[in-house]
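Undergrad: Let's see this in three dimensions:
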Amino acid sequence: MRTSGSTGTPKETLLSAGNLQSSAEATAEALGGHGQWLLTLQPSYVAGLAVLSRSLLAGTSPAVLLERTTDPEAFAAAAEQLTHERRYVSLVPTQLQRLIQHDGARLLAALRRFDAILLGGGATSPELFGRAQELGLKVIRTYGMSETAGGCVYDGRPLAGVTVETDQTGAVLISGPMVAQGYLDPALTADRFSTDAQGRRRYRTDDLGRLGPGGTLSITGRADDVINTGGIKVSAERVRQVLEADPQVDEAFVAGVGHPEWGQQVVAAVVVSGGDGPGSLDAEQLRGRVRAELGPAAVPKRITTLPALPRLTNGKPDRQRLLTLLRR
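TA: Okay, here's the model as predicted:
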C-alpha cells in the first residue's frame with residue numbers, strides 16, 4: 001500500500017492480512033458491531049482499502065461512490081442503497097464540509113442514518129465538528145495512516161489493542177497488531193519501525209502530540225511543520241488553526257519558506273469563505289488575530305488566496321504543490 005505522498009515521495013508500506021483483520025475487528029468493536037459501508041474513498045489508499053477489509057470481515061457488500069462524492073443527490077442515492085441494520089461511511093473532512101453546505105432534506109436524512117461517519121486523512125476543524133453535531137450527525141474523528149492499516153485512534157482514544165506513546169521529541173509512537181510489517185525499502189523500515197516493551201511492532205510517526213487524562217491523544221503538529229524564524233520556533237499547525245477560526249477563511253495551509261535574514265518566514269495560502277473573491281479578504285485582520293494569539297513571530301508575512309487548496313486523489317491537501325506555490 002503506497003502512502004499518499006502528501007509530505008514527499010510515497011513509501012510502499014507492507015500490510016499483512018493480519019494487520020487488516022486486526023484493524024477491521026478493532027473498528028467493529030469501537031463502533032458497536034459490524035455493518036455495511038459506503039465506499040467514497042479510492043481503495044488504492046488505505047482508507048478505501050480499510051472499508052473493503054471491514055466489509056469482507058462483516059460479510060457485507062459496500063455501496064460504491066467513487067465519483068461525485070460531494071454531490072448531494074449522488075451521495076444520498078448511494079447511501080440509500082445500504083440495507084444493513086448498521087451503516088457506516090468513511091470521509092475526509094473536506095467531503096463532509098462540502099456535503100453539509102447543502103441543506104436538502106434527502107441528503108440530511110441520508111447522513112443522519114449512518115451509525116457512524118468516520119472523518120480522517122486530515123484535521124477536522126472545531127467549526128465543522130460542531131456543525132455536524134448540530135445537524136445530528138454521528139461523527140467520529142479518526143487518526144491513523146497507511147502504516148497502521150488506517151484509523152487506530154477514535155476521538156483521541158486508541159482502539160482495542162493499540163498503545164500510543166510519545167518520545168522525548170514529542171513524536172507519536174503507535175504499537176499494536178495493525179502496525180505494518182515495515183516498508184519495501186529496508187532502510188526506511190529500520191528508521192521508522194521498532195519493537196515495543198511487549199514485543200509488538202511500533203511505528204514512529206511524523207506527528208507531534210501529547211497524551212491527556214486516560215491516555216487520550218491530541219495532535220499538536222508535525223515534526224516538519226516547525227518553522228524556525230529568527231531563532232523562534234513557530235508551529236505551522238497552530239497558525240493554520242488560528243486562520244481557520246476566522247470567519248473569513250474556509251481552509252488554510254501554512255508553511256515556512258527560506259528567507260535570507262530570518263532563515264525562514266511564515267507564509268500562508270487561504271481559501272476565502274462563502275466563495276467570496278480574494279478582494280474581500282481583510283489580511284490585516286487575519287494577521288492581527290495570529291499576533292494576538294501566537295505572538296508576532298507567527299504572523300504570516302505573505303497570505304496568498306486560492307479558489308481551493310490543491311488536493312491528492314485521497315482528499316488530502318497536496319503539500320508539495322502548495323509548498324512550491326508558496327516558495328514562488
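Undergrad: rest of the way, CA atoms for contacts and neighbours
TA: OK.
Undergrad: So which residues of the stretch 101-250 of the chain form helices?
TA: 105-113, 126-134, 186-192, 236-244 (DSSP state H, counting those that start in this stretch).
Undergrad: Same question for the third one: list its buried residues.
TA: If you call a residue buried by 16 or more other CA atoms under 10 Å, then helix 186-192 has these buried ones: 189, 192.
Undergrad: rewinding a little: need the winner for burial among the helices of the stretch 101-250 of the chain.
TA: helix 236-244 (a mean of 21; mean count of other CA atoms under 10 Å).
Undergrad: could you check the angle helix 126-134 makes with it?
TA: With axes from the mean of the first three to the mean of the last three CA atoms, to 10 degrees applied, the angle from helix 236-244 to helix 126-134 works out at 60 degrees.
Undergrad: Just the C-alphas of helix 236-244, formatted as CSV.
TA: The C-alpha trace of helix 236-244 is given here as CSV (Å, rounded to 0.1, in the frame of the first residue of the first chain):
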residue,chain,number,x,y,z
ALA,A,236,2.5,25.9,11.3
GLU,A,237,-0.4,23.8,12.6
ARG,A,238,-1.3,26.3,15.3
VAL,A,239,-1.1,29.2,12.8
ARG,A,240,-3.4,27.2,10.5
GLN,A,241,-5.9,26.6,13.3
VAL,A,242,-6.0,30.3,14.1
LEU,A,243,-6.5,31.3,10.5
GLU,A,244,-9.3,28.8,10.0
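Undergrad: Looking at the helices of the stretch 101-250 of the chain, which is nearest to Arg200?
TA: Distance to Arg200, taken as CA to CA, is lowest for helix 186-192 among the helices of the stretch 101-250 of the chain, at 13.9 Å.
Undergrad: Okay, domains of this structure per the record?
TA: Dividing the chain into domains by automatic domain parsing, as the record does, gives the ranges 13-148, 159-221, 230-327.
Undergrad: Compute the first-to-last residue distance for the longest one.
TA: One end of domain 13-148 to the other measures 10 Å (CA to CA, to the nearest Å).
Undergrad: now swap in the shortest one and tell me
TA: For domain 159-221, the first-to-last residue distance is 21 Å (CA to CA).
Undergrad: Quick check: mean pLDDT of that domain?
TA: pLDDT averaged over domain 159-221 equals 94, rounded to a whole number.
Undergrad: The first one too?
TA: The average pLDDT within domain 13-148 is 95.
Undergrad: Let's have the helices of the stretch 101-250 of the chain in TSV, adding distance to Arg141.
TA: Supplementary listing: those in TSV, determined by distance: least, CA to CA, whole Å:
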stretch	distance to Arg141
helix 105-113	16
helix 126-134	9
helix 186-192	25
helix 236-244	16
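Undergrad: picking that back up, now distance to Thr3 too, for the domains of the chain, in JSON lines please.
TA: JSON lines is the format used below for these (distance: least, CA to CA, whole Å):
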{"stretch": "domain 13-148", "distance to Thr3": "6"}
{"stretch": "domain 159-221", "distance to Thr3": "10"}
{"stretch": "domain 230-327", "distance to Thr3": "10"}
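Undergrad: Compute the distance between Arg289 and Ala255, please.
TA: For Arg289 relative to Ala255 (CA to CA), the value is 17 Å.
Undergrad: Show me which of those two is the more surrounded one.
TA: Ranked by neighbour count (other CA atoms under 10 Å), Arg289 and Ala255 place Ala255 first, with 26 against 18.
Undergrad: I figured the more buried one was touching Asp224, is that so?
TA: No - shown here, Ala255 and Asp224 do not form a contact pair, counting by CA atoms under 8 Å, at 9.5 Å.
Undergrad: what's the neighbour count on Ala223?
TA: Ala223: 17 neighbours (other CA under 10 Å).
Undergrad: go on, Gln265?
TA: 23.
Undergrad: Need the phi and psi values for the spatially closest residue to Leu323 that is not a sequence neighbour.
TA: Sequence neighbours aside, Ala255 is the residue nearest to Leu323 in space, at 7.1 Å (criterion: CA to CA, 6 or more residues apart in numbering). For Ala255, the backbone dihedrals are phi -150, psi 170 (criterion: degrees, to the nearest 10).
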